[in-house]
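1. Make a model of this:
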Amino acid sequence: MNKKTSSKSDQVEYDDEIELPEVLPILPASDIVPFPSVVLSLYVTSEAGIRAVESVVDDHKFVFVLAQKDSEVDEPAVSDLYTTGVICSVMRMLKLPDNRCKVLLQGMFRGRVEEFKKKKKFLSASVEPILTPDYVEVTAEQESLMHRIEENVRVLVEYEHLPEEILVVTEDIDEPGMFADVVSAHYQLEVEKAQTFLEELDPVERLKLTDNLVTEDLNQFIVSENVKALAQDELSKDQRDYFLREQLKLIRRELGETDAAPDDLAELRSALKKAKLPKHAKEEADKQLIRLERMHVESSEHSLLRTYLEWLADLPWSKKSRERLDLKKARKGLDEDHFGLDKVKDRILEYLSVRKLNKESAGPILCFVGPPGVGKTSLGKTIAAALGRKFHRISIGGVRDEAEIRGHRRTYVGALPGRIIQGLKQAGTNNPVIVLDELDKVGADFRGDPASALLEVLDPQQNDTFTDHYVNIPFDLSNTMFIATANTVDTIPEALMDRLEIIRISGYTTEEKIEIAKRYLVPRQLKKCGVDKYKLKINDQALRFLIERYTREAGVRNLEREIGALCRKVARGIAEGKKPLQSIKEQDVQKMLGPTHYDPDPDEALDMVGLVRGLAWTAHGGEMMPIEASVAKGNGALTLTGRLGDVMQESARAAVFYARANAEALGLDPDFYQKLDIHVHVPGGAIPKDGPSAGISIATAIVSALSGRKISHELAMTGEITLRGNVLQIGGLKEKALAALRYEIKKVIIPYENLKDLEDVPKEQRDQIKFIPVKHIGEVLEYSLKDSSRSRSRGKSKSKKQGRVSPVV
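-> Numbering: from 1, shown residues only. Model (predicted):
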């Protein structure tokens, strides 16, 4: 049964009747939609499509061309094809060397699939031709539409936007449907949109769709020309990309898409929105974002401005850790992480108690002061854990540039925010615990004074509007808890000290170090070296030997290094297949670590003339400072060696003058200053030494050397001396007492005014030392100098006469 069509249709006019087979071969079109009355050329790649064309090409018969829904499918199935297509006549077929074929087709009229029929070699279907009336009366509206389309097309052709052949093809077409099909076919529409045009059967509606298509194309072209005219004066070869972006912006503006952000800035805009900036920060961010959108991407300022906005988006303006303060947990954490330090722990718990009762309290900034290795920074970590906050450490030792704190202004190349803002970004919240490490080592030079910049950071009354030079927007630091650490307060400016509450952490005794090693250091190093599973133990005698002979420090940092060295020796033995040690004893330590670093001085066990064991305070804790004095025949010259500072030299001169003024009472030759030269030396000549607390030690050494009386080796002393012989108060008593214990000295002479400071010395250590408080140098000499035949009677009588003998604590 053959299907016949009328000799006239809206697609094409035929004088003879066309006979269509009942079943037509299907030719899939992957990236194009055919239209009636249009000649099209297709490249056929699928085997089924090639066989379909070959089956009809010899007789110039028909194929039914259907567009594919997905152009990526090589061998489409029934479900991959649209059901409305165009019945086409095969005019010519050319096989290509790459197994493809090129087909020339004449579109005839629309058709709709009634039923797909799959043959062995290709798809086919029974097709219902879609016919239109033989004659359609053209209304005035339709004629006006066709005229407008024709005029718009003519403009586009004149500017070479459309091919000139479209005017030739459409010149004699007066039927609306055919006119719309021919014009639409010359646009490279997306398959889905072109299929919509094809499936519209009403000629008038197709004409309207075509009018919208051409009008939109013309508007875009006009906008493009306007952009060229506006930007022509500023264009250059290097600005080609800029022109294209400006063109895109105007097109979007004409299409009403002004709110659509460029793709490369959409992510940045989203990040700024998620950051929940405060009102003043959001206004500045929006302002700078608008500038960025208008800026050429290759502009030098573009990358700087984008980096700035990324910093604003990354800062924790509204992110905050939820604070859960449990004092019992805090106490447990302090006890687990730190041995001893009871007073320090009590002060920390008091501080946390106030925070728990009044979360808005702007308390003082805690500053832990003590020698290296005593656990100052780790106390900050424990506080952060107790509060449930993030922890961040900022080392400001050696910082000399104010910009390190406040940031660099964005006008400088490579500008960045200061360390405070960087720390907040890394912490990820606006209420972390930030430890400012090595506060005492902040410097200053021509680039500014970082310590002064810290005043605003650490002042609770000011830091809610801290302004970093780079960010240039006030940032609230009032939620941040700052904790400082230092080795000494001597180099901290007074204005900064006013904002700090000093909590001193002294060194540890040998017994405390043994306990710390057993609880923390040994297990940590065993695990670090991978020998924890072998249950290695280091007994107390070995630890004591390690502490006394290989380390001499207030903290435990070097002790941990030496323990790590022992563990590495054991690990090497295990790795080499040796039997692992179960326990390290005292005799094993020297075998594994080699010669000891600190051995007892034979002179330390002897009473000697002119040798005094003084006590000194250093940034690393207390230290014993032996002072030697010797005399020789001369004319009264005083020589001072050992890199003594001005204050110690003045103390030596004051001691000599006191000895001259009281020579008779001290049993000395009144003319010694004319007959003898005096030499005072403090061993350790490479180390600078200074301070007033060596006054009584120098005086005792000089008097001992002049009188020939020996000084007790069981005794150490500290105190400042005046010309009249009075002993004045000194600082660092706790550290000096711990140093005396490290050197196994059990008697210490101290100024009487320092009796109150003995409360700072732990009771366990206080009970091990006999403290002798003195008010005058006569009492010092009474306790320290051994009697000799020439001075016994005169020395005692003078001391009793002055009434200077003090009680022993």
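
2. Where is the longest helix in this structure?
-> helix 203-231 (DSSP state H).

3. if I pick Leu327, what's in contact with it?
-> Leu327 makes contact with Leu349, Leu352, Ser353, Lys356 under the criterion C-beta atoms under 8 Å, 6 or more residues apart in numbering. Bear in mind the C-beta positions are built from the backbone N, C-alpha and C, glycine included.

4. re earlier: figure out how far the longest helix of the chain is from the centre of its chain.
-> Centre-to-centre, helix 203-231 and its host chain are 52 Å apart (C-alpha atoms, centre = their mean, to the nearest Å).

5. switch to numbering from 58
-> Right, with 58 as the first residue, what we last looked at is helix 260-288.

6. what mean pLDDT does that helix have?
-> Averaging pLDDT along helix 260-288 gives 82.

7. Quick one: buried ones out of the contacts of Leu384?
-> Leu409 (16 or more other C-beta atoms under 10 Å).

8. Ile826: which of the contacts of Leu384 is nearest?
-> Nearest to Ile826 out of the contacts of Leu384 is Leu406 (C-beta to C-beta; 28.8 Å).

9. Work out for me the element the closest one sits within.
-> Per DSSP states H and E, Leu406 falls inside helix 399-414.

10. Packing partners of the longest helix of the chain?
-> helix 197-215, helix 233-242, helix 248-256, helix 297-311 (3 or more C-beta pairs under 8 Å, 6 or more residues apart in numbering; DSSP states H and E).

11. ok, back up a step: and the helix holding Leu406, what does it pack onto?
-> Counting contacts by 3+ C-beta pairs under 8 Å, 6+ apart, helix 399-414 is packed against helix 384-394, strand 422-426, helix 433-444, strand 557-561.

12. Pick out the shakiest of the ones you listed, pLDDT-wise.
-> Mean pLDDT values for these show the minimum at helix 384-394, a mean of 81.

13. hang on, the earlier thing: columns pLDDT on top of the contacts of Leu384, output as a markdown table?
-> Shown next, in a markdown table, are the contacts of Leu384 (pLDDT from 0 to 100):
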| residue | pLDDT |
| --- | --- |
| Leu406 | 85 |
| Leu409 | 81 |
| Ser410 | 85 |
| Lys413 | 78 |
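
14. so which of the contacts of Leu384 comes closest to Glu194?
-> Taking those together and measuring to Glu194 by C-beta to C-beta, the closest member is Lys413, at 91.2 Å.

15. just checking, the closest one touches Arg381?
-> No - under the criterion of C-beta atoms under 8 Å, Lys413 is not in contact with Arg381, lying 10.1 Å apart.

16. which residues do these two both contact?
-> What both Lys413 and Arg381 touch, as defined by C-beta under 8 Å, 6+ apart, is an empty set.

17. list the buried ones in the longest helix of the chain?
-> Neighbour-count burial for helix 260-288 [16+ other C-beta under 10 Å]: 260-261, 263-268, 270-271, 274-275, 277-278, 280, 284.

18. right, so of the helices and strands packed on helix 260-288, which gets closest to Leu180?
-> Among these, the nearest to Leu180 by C-beta to C-beta is helix 248-256 (18.1 Å).

19. Average pLDDT for the closest one, rounded please.
-> This predicted structure assigns helix 248-256 an average pLDDT of 88.

20. Any stretches of the stretch 458-607 of the chain with poor pLDDT?
-> Low-confidence segments of the stretch 458-607 of the chain (pLDDT under 70): 503.

21. now, among the contacts of Leu384, which is nearest to Asn615?
-> Distances from Asn615 to those, taken by C-beta to C-beta, are shortest for Leu406, at 30.1 Å.

22. Need the per-residue pLDDT for Ala662.
-> Here, the pLDDT recorded for Ala662 equals 68.

23. in the helix or strand hosting Ser181, what's buried?
-> Assigned by DSSP H and E, Ser181 belongs to strand 180-186. If you call a residue buried by 16+ other C-beta under 10 Å, then strand 180-186 has these buried ones: Leu180, Ser181, Ala182, Val184, Pro186.

24. bridging residues for the last one?
-> Here Pro186 sits in beta bridges with Gly168, going by DSSP bridges.

25. for the third one, same thing?
-> The bridge-partner assignment for Ala182, based on DSSP bridges, gives Leu81, Phe173.

26. Does it touch Phe173 like I think?
-> Yes - with contacts counted by C-beta under 8 Å, Ala182 reaches Phe173, the gap being 4.8 Å.

27. which residues do these two both contact?
-> Shared contacts of Ala182 and Phe173 (C-beta under 8 Å, 6+ apart): Ile83.

28. next one: phi and psi at Val539?
-> Heads up, residue 539 is Phe, not Val. Dihedral pair for Phe539: phi -100, psi 140, per degrees, to the nearest 10.

29. That one: how many residues sit nearby?
-> By other C-beta atoms under 10 Å, 23 other residues sit near Phe539.

30. residues contacting it?
-> Taking C-beta under 8 Å, 6+ apart as the criterion, Phe539 is in contact with Ile422, Ile491, Val492, Leu493, Val514, Leu515.

31. Wait, a strand at the second one?
-> Yes - the assignment for Ile491 by DSSP: H, G, I helix; E, B strand; the rest coil puts it in a strand.

32. All the helices of the stretch 408-557 of the chain, residue numbers only.
-> 433-444, 460-463, 476-484, 507-515, 551-554 (DSSP state H, counting those that start in this stretch).

33. just those helices: most buried one?
-> helix 460-463 (a mean of 24; mean count of other C-beta atoms under 10 Å).

34. For it, which outside residues touch it?
-> Residues outside helix 460-463 that contact it (C-beta under 8 Å, 6+ apart): 453, 456, 475-477, 504-505, 507, 510-511, 514, 524-526.

35. Closest one of the residues you listed to Phe254?
-> For the contacts of helix 460-463, the nearest to Phe254 is Asp525 (59.5 Å; C-beta to C-beta).

36. Let me know whether that closest one touches Ile478 as I believe.
-> Yes - under the criterion of C-beta under 8 Å, Asp525 makes contact with Ile478 at 4.8 Å.

37. what sits in contact with each of these two?
-> Gly464, Phe532.

38. How much space separates Asp116 from Ala323?
-> According to C-beta to C-beta, to the nearest Å, Asp116 and Ala323 sit 57 Å apart.

39. Give me the more crowded residue out of the two.
-> The residue with more neighbours, out of Asp116 and Ala323, is Ala323; 11 against 8, by other C-beta under 10 Å.

40. Just confirm the more buried one is within a strand.
-> No - Ala323 is assigned helix when assessed by three-state DSSP, not a strand.
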